[in-house]
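S.K.: no letters, just coordinates:
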Ligand SMILES: Nc1ncnc2c1ncn2[C@@H]1O[C@H](COP(=O)(O)OP(=O)(O)OP(=O)(O)O)[C@@H](O)[C@H]1O
């Protein structure tokens with residue numbers, strides 16, 4: 001059975017019914033077929049005893065569903081803005097009623113009408129469509145750059161991301177192993193080698209081939225077809241160059257038994273029948289395999305051997321190489337189907353240690369530099385060796401500015417919460433090596449408790465809760481599992497770290513645009529309300545024209561003056577909006593520095609608005625529809641300074657802010673970019 005959807009690992013498991021279920025975790029039971037997994041080969045009959053949410057897959061799904069989604073920063077802010085606007089609008093409306101009746105002598109009916117007008121002028125009618133459109137556009141931009149976002153508000157959460165927790169293999173690196181070299185008791189060999197392989201090299205190569213689920217075939221046209229995990233394929237290529245042919249797809253499993261690669265145990269094993277006896281082959285992380293080895297090259301492993309091997313592992317891992325140890329032993333053939341995993345993987349003979357180079361992805365170094373400039377911290381959370389992870393992290397520039405700390409899984413497990421908070425609170429970047437899925441959840445929780453907005457990448461089923469818990473869970477589209485993709489908010493179609501950074505940059509742009517619009521919403525209320533109040537001043541015009549409270553303006557000589565007042569109010573609103581729109585373009589910089597005419601779309605918008613306004617105040621049917629008239633030129637001239645007054649006031653305010661924050665005026669210099 002291929003249990004990859006459940007366990008996240010691609011190595012198929014051999015199921016059988018002769019034996020009672022083992023006492024370990026249920027997913028390790030060898031007599032249960034799990035929902036959502038696939039039959040790779042063989043046949044059998046099964047009794048269904050659980051469906052839907054009662055299955056193992058259902059349990060994981062419900063576990064990740066229980067981890068609810070918090071409000072995104074934008075959702076939170078928009079809610080606050082909406083309440084604030086509502087309070088201001090209602091407050092102004094209510095305050096106007098007594099003022100209108102007591103001071104202006106309006107009837108209660110007219111005062112309520114004015115109050116409703118004030119309330120409506122304050123409603124940010126464009127807020128929802130603008131935010132939705134900005135986010136939807138962001139989703140499109142992200143999709144084009146290889147990031148599919150499942151929740152529209154995730155775009156702006158991406159923009160607020162301050163910490164990226166990334167895995168290593170396939171995200172920072174290419175997951176394409178090259179430059180393999182192998183240590184055996186006879187020394188170090190690097191394929192391809194012209195010298196005939198020694199006996200111990202052949203033994204190690206055979207153990208590697210027997211403990212693999214990948215296959216290599218050649219089709220009729222001579223094309224090589226490789227299938228399986230890149231690490232295993234690299235081992236098969238190396239073994240093949242030492243004269244041990246790789247397994248082919250569809251080959252019968254000749255009664256062998258496998259214990260799947262377990263990311264928690266960091267090893268896998270197979271038991272292969274050899275006539276009456278059998279051979280146990282184990283491969284995995286060197287520390288895990290070594291502690292199960294008791295002999296080497298026909299003698300017992302001594303303390304000196306351990307010390308020499310530890311030195312070799314540290315040297316190779318320090319070069320950023322990915323390491324695997326292979327070991328084997330013979331077993332009584334009768335025990336093949338009955339022995340349990342722990343007993344089978346005991347008392348092994350160390351055959352060799354293989355080192356592979358997994359080169360960094362092109363573009364990751366630049367992406368890391370972009371993160372640093374944007375003040376984003378990167379944490380590597382990996383199942384690999386501490387030194388390998390450090391080597392790769394340093395190779396792509398992680399820790400270059402802030403320093404790099406490495407914490408291993410056992411260190412993290414022993415660490416109390418307050419110490420973890422303290423370490424995460426430092427400005428240094430971190431590598432968490434040899435971590436478990438539970439540790440990922442713990443790291444995410446601790447970061448979020450510290451108020452960080454966290455993006456977390458991962459691909460295994462076990463990682464789903466951590467993906468859900470983070471602000472932005474990022475799953476891999478190519479090599480990830482379905483459950484991880486289901487739990488994630490964003491799926492990378494190219495599995496590339498650089499795409500996350502592109503997505504964060506796009507998110508920041510969208511966030512910035514939404515923020516500008518919210519500023520505009522607040523600012524535009526003033527130029528809309530002020531002319532509305534000026535309308536009351538135009539009452540002065542009406543007053544001069546002979547109007548008194550209670551007189552009708554719907555006909556007669558006063559009607560023209562009334563229409564003129566209405567038109568000038570409308571034009572005042574439009575003129576001030578031009579100024580507000582220009583002022584909203586930047587938060588701190590002067591408009592000259594970003595280019596007064598650089599936003600062509602906005603200029604086209606202005607042109608459209610001017611033409612629209614001219615039509616509304618000059619075309620007779622529209623005049624009678626909207627109650628407007630064509631004002632005389634001397635009144636129109638009054639409108640000209642309005643946009644410049646609004647824009648200029650904001651320009652002055654920004655200039656004062658820049659001046660206040662400049663090094664000459666601040667006691668301490670501002671932080672470097674990226675700090
Ligand atoms: N197919 C495999 N069979 C046996 N051991 C393996 C296999 N793949 C990886 N390992 C060993 O287990 C260790 C942990 O692997 P794991 O897949 O959990 O993390 P990783 O791929 O190294 O890193 P990341 O978590 O960043 O993707 C590896 O360093 C390696 O030594």
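M.R.: Received it, and whenever you're ready, just let me know what you need. This structure is a prediction, so every number in the text was calculated from the model and none was measured.
S.K.: list the buried ones in stretch 629-639?
M.R.: 629, 631, 639 (16 or more other CB atoms under 10 Å). Any C-beta I mention is one placed from the backbone N, CA and C, and that applies to glycine too.
S.K.: any idea how many residues pack against residue 128?
M.R.: Close neighbours of residue 128, defined as other CB atoms under 10 Å, add up to 11.
S.K.: model confidence for it, exactly?
M.R.: For residue 128, the model assigns a pLDDT of 80.
S.K.: check the residue in the stretch 501-650 of the chain that the ligand sits nearest to and give its pLDDT.
M.R.: Residue nearest to the ligand within the stretch 501-650 of the chain: residue 501 (17.6 Å; CB to the nearest ligand atom). Model confidence at residue 501, expressed as pLDDT, equals 86.
S.K.: now do the contacts for the nearest residue to it once chain neighbours are set aside.
M.R.: Among residues not flanking residue 501 along the chain, residue 367 sits closest, at 4.0 Å (CB to CB, 6 or more residues apart in numbering). Contact analysis of residue 367 by CB atoms under 8 Å, 6 or more residues apart in numbering lists 497-498, 500-502.
S.K.: host element of residue 367?
M.R.: helix 364-373 (DSSP states H and E).
S.K.: and that helix, what's buried?
M.R.: Residues of helix 364-373 classed as buried: 364-365, 367-372 (neighbour count, 16+ other CB under 10 Å).
S.K.: let me have those in JSON lines, adding pLDDT and distance to residue 198 as columns.
M.R.: Compiled in JSON lines, the buried residues of helix 364-373 are given as follows (pLDDT from 0 to 100; distance: CB to CB, whole Å):
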{"residue": "364", "pLDDT": "89", "distance to residue 198": "38"}
{"residue": "365", "pLDDT": "92", "distance to residue 198": "40"}
{"residue": "367", "pLDDT": "89", "distance to residue 198": "44"}
{"residue": "368", "pLDDT": "92", "distance to residue 198": "42"}
{"residue": "369", "pLDDT": "91", "distance to residue 198": "46"}
{"residue": "370", "pLDDT": "88", "distance to residue 198": "49"}
{"residue": "371", "pLDDT": "88", "distance to residue 198": "47"}
{"residue": "372", "pLDDT": "90", "distance to residue 198": "48"}
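S.K.: run a quick neighbour tally on the residue in the stretch 451-600 of the chain that the ligand sits nearest to.
M.R.: With CB to the nearest ligand atom as the measure, residue 459 is the residue of the stretch 451-600 of the chain nearest to the ligand, at 7.2 Å. Counted with other CB under 10 Å, residues neighbouring residue 459 total 25.
S.K.: swap in residue 150?
M.R.: So residue 150, with other CB under 10 Å, has 14 neighbours.
S.K.: stretch 316-332 near the ligand anywhere?
M.R.: Yes. Stretch 316-332 is in contact with the ligand by CB under 6 Å from any ligand atom, via 322-324.
S.K.: what are the buried residues along that stretch?
M.R.: Buried residues in stretch 316-332, counted by 16+ other CB under 10 Å: 316-317, 320-329, 331.
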